[in-house]
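Engineer: Coordinates only, no sequence provided:
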């Protein structure tokens, strides 16, 4: 599984002649997966109560396998009751079978097969289709010779050998009222030029040509396309999913082609013919969903009313014929079917079955991401790695409202009201089951737009919206405008209550969220982990001394570390004053600032950085401070191992929401920090910081107390050893695999 990094305006990224140019390709996370034999073509077949046709389809694949192509066949059965799974197991054991416990619908079943597929090309094939000789090689040859082709489809024939139309243009809104409605049955409207153009009637079927979209009975997709876009949109149950997918494919710059060099026989509609009412309901519901997605809710509502009206008209016709005594058995059957259709009211499809974690498509939405420095960005990276390792359907990071600003890393993304429609368009282009917002007020330019995102998506997408899970890295209120007063607090409550689920990272924030009125059933406490994974450390003391010398430390120096970005709440000025006092009492004190950038998420950090520079000069500490600047994660780990202790004198008290605290603990370093604010939660969900057991605790903004604690640490090796062991034991509760597992449970609920 691959973590894909995408931006909202990805459709502006062009294709080269040979491959998709991924944004942030240097940030892709590709965990090590078990080696599997890769196929040339993965054939994905979704079946539902068509055992006989499925047998013919599979026989056409296995009895005449194409030369020179490595195939894998995946059959996804949607709880057939006709023995289809047993048929596959016994008669075609070479096929991989996914037997679903219920009918999950066509797109979701296709996506299940897609996630298991290893082929360079994925071929989606209906079970009522039969491949003619050389069909697959012809499609593969076409793809190889047309590198910009993302999708290609074959020529289809009915069982009697006649041509079956499968080429389409994107429909206009007006055409929706004619195509596949009772109006299309009228001879005059059947010859409508727009309808003929929609079906490529005037374009010869004997010539390969580019099209807008293809009927989904049989079409081949390039793997790069599926990695870029994901799979079919599961907000459709059946029908229109191929129309939507091809539209998304073309929006990304790929081409969709038809080629007559490959032929397939297709016995259309045999599965859906088992339930005519369901076929009408699914077809029209999906059609309305498509127009809602691309034309808006108003247009979709108008179309829905029209389609219901046409079936009501049909009901009146059938009722009248029944009263006149014309074929009463047929009329009663049709009236029964139409009553089912009208009763559905073509409400949007709402999946009722939960997803296995391996099938979840997840979007992590963050305002910080490498190469931007920041704890939220580091958290998102580590979380992405852990989720990928745990296994999920697909995972991508959305880290900027506008792609072109993401490409210029020296340009800070501007989050504002215009971000909301940009995010909406991205989610339409890249459907996700769940969106996990990584929320920290400062990261979004202190702007409240992100706080309104759940309500905005509910307004725009209704029941078709993804599940919104917000992880609050802090509950600080955003800066709106001077004298905003209670509104500043209210916008955080808005995000907390409008999210489907809220996650906080520490007990103090959990208590605050409950005090704000959060529903405990929709509130979870999931801690963060260390943003720096501990490396192997040093092989021996001599190697450590060599590294320390490279930093500028002398033998006998006691290296106090400060880790993370600098902002006023972290109390680096208190640490500078404590070091100045220590330098007056004994030599050999050195402060090593690892990272230490001001960061770009909080504009007040720059002012504080200037204050720190002035304070350092006044205290004459320049010669006694070593600044590493930003380091790669592995090098950061080595720098932490080179320290004798870490001091983090947070003004607002130590908290497990601080990655800068968890990283030294994970490295087993003795830590001096400040007393947590408030009392430990009575819920007791997380372990506690315990003075002289896993940390040393001092009062905030007290340089003298901090200097005293650091002196104890330097001159009491037994205490340092106890704190080191306690830190390691404490950090076990914050391991990333545990965090990822808990988050997947929440996202999949």
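Structural biologist: On my side now, so go ahead. A quick note: this is a predicted structure, and the numbers were derived from the prediction, not measured.

Engineer: ok, longest strand in the protein?
Structural biologist: Longest strand of the chain, by residue count under DSSP state E: strand 255-266.

Engineer: show me where the stretch 301-450 of the chain has helices.
Structural biologist: Under the criterion DSSP state H, counting those that start in this stretch, the stretch 301-450 of the chain carries helices at the ranges 328-344, 375-390, 403-407, 419-429.

Engineer: Can you lay out those as TSV showing distance to residue 69 and mean pLDDT?
Structural biologist: All C-beta atoms are positioned from the backbone trio N, CA, C, and that covers glycine. TSV is the format used below for these (distance: least, Cβ to Cβ, whole Å; pLDDT from 0 to 100):
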stretch	distance to residue 69	mean pLDDT
helix 328-344	43	94
helix 375-390	30	88
helix 403-407	36	38
helix 419-429	31	90
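
Engineer: closest one to residue 666 among the ones you listed?
Structural biologist: Nearest of the helices of the stretch 301-450 of the chain to residue 666, taken as Cβ to Cβ: helix 375-390 at 10.9 Å.

Engineer: Among the helices of the stretch 301-450 of the chain, show me which one is buried the most.
Structural biologist: Mean neighbour count (mean count of other Cβ atoms under 10 Å) peaks for helix 375-390 among those, with a mean of 23.

Engineer: Show me what that one is packed against.
Structural biologist: If contacts are counted by 3 or more Cβ pairs under 8 Å, 6 or more residues apart in numbering; DSSP states H and E, helix 375-390 sits against strand 3-6, strand 361-366, strand 394-398, strand 434-439, helix 659-666, helix 736-747.

Engineer: among these, where is the model least confident on average?
Structural biologist: With a mean of 45, strand 3-6 has the lowest mean pLDDT of these.

Engineer: could you point out which element follows that one?
Structural biologist: Sequence-wise, the next helix or strand downstream of strand 3-6 (DSSP states H and E) is strand 41-47.

Engineer: That following strand packs against which elements?
Structural biologist: Taking 3+ Cβ pairs under 8 Å, 6+ apart as contact, the helices and strands that strand 41-47 lies on are helix 51-62, strand 71-77, helix 106-116, strand 121-125.

Engineer: Go through the ones you listed and name the closest to residue 367.
Structural biologist: Short answer: helix 106-116, nearest of the helices and strands packed on strand 41-47 by Cβ to Cβ, at 29.0 Å.

Engineer: quick check: mean pLDDT across the closest one?
Structural biologist: 93.

Engineer: what separates it from the chain centre, distance-wise?
Structural biologist: From the chain centre to the centre of helix 106-116 is a distance of 17 Å (Cα atoms, centre = their mean, to the nearest Å).

Engineer: which residues does residue 709 contact?
Structural biologist: By Cβ atoms under 8 Å, 6 or more residues apart in numbering, the contact list for residue 709 reads 672, 696, 698.

Engineer: Now the residues you listed in CSV, please, with extra columns for secondary structure and neighbour count.
Structural biologist: Converted to CSV, the contacts of residue 709 look like this (DSSP: H, G, I helix; E, B strand; the rest coil; neighbours: other Cβ atoms under 10 Å):
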residue, secondary structure, neighbour count
672, strand, 26
696, strand, 23
698, strand, 24
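
Engineer: Between those residues, which sits nearest residue 505?
Structural biologist: Comparing the contacts of residue 709 against residue 505 with Cβ to Cβ places residue 672 closest, at 22.1 Å.

Engineer: which residues touch that closest one?
Structural biologist: Contacts for residue 672 (Cβ under 8 Å, 6+ apart) come out as 645-649, 695-698, 706, 709-710, 713.

Engineer: and if we set it to 7 Å?
Structural biologist: 645, 647, 696, 698, 706, 709, 710, 713 (Cβ atoms under 7 Å, 6 or more residues apart in numbering).

Engineer: Against residue 544, how distant is residue 201?
Structural biologist: Here residue 201 is placed at a distance of 77 Å from residue 544 (Cβ to Cβ, to the nearest Å).

Engineer: Now do the contacts for the nearest residue to residue 713 once chain neighbours are set aside.
Structural biologist: Sequence neighbours aside, residue 645 is the residue nearest to residue 713 in space, at 5.0 Å (criterion: Cβ to Cβ, 6 or more residues apart in numbering). Neighbouring residues of residue 645 by Cβ under 7 Å, 6+ apart: 560, 561, 669, 670, 672, 710, 713.

Engineer: what does residue 710 give?
Structural biologist: Taking Cβ under 7 Å, 6+ apart, we find residue 710 in contact with 560, 578, 582, 645, 647, 672.

Engineer: Let's check: the centremost residue of this structure is which one?
Structural biologist: Closest to where the C-alpha atoms of the chain average out (Cα atoms, centre = their mean) is residue 363, at 1.9 Å.

Engineer: For that residue, list each beta-bridge partner.
Structural biologist: With beta bridges defined as DSSP bridges, residue 363 has these partners: residue 396, residue 435.

Engineer: Residue 194 reaches residue 176, doesn't it?
Structural biologist: No. Counting by Cβ atoms under 7 Å, residue 194 does not reach residue 176; the two are 11.0 Å apart.

Engineer: Who has more neighbours out of the two?
Structural biologist: Counted by other Cβ atoms under 10 Å, residue 194 and residue 176 do not tie: residue 176 has more neighbours, with 21 against 14.
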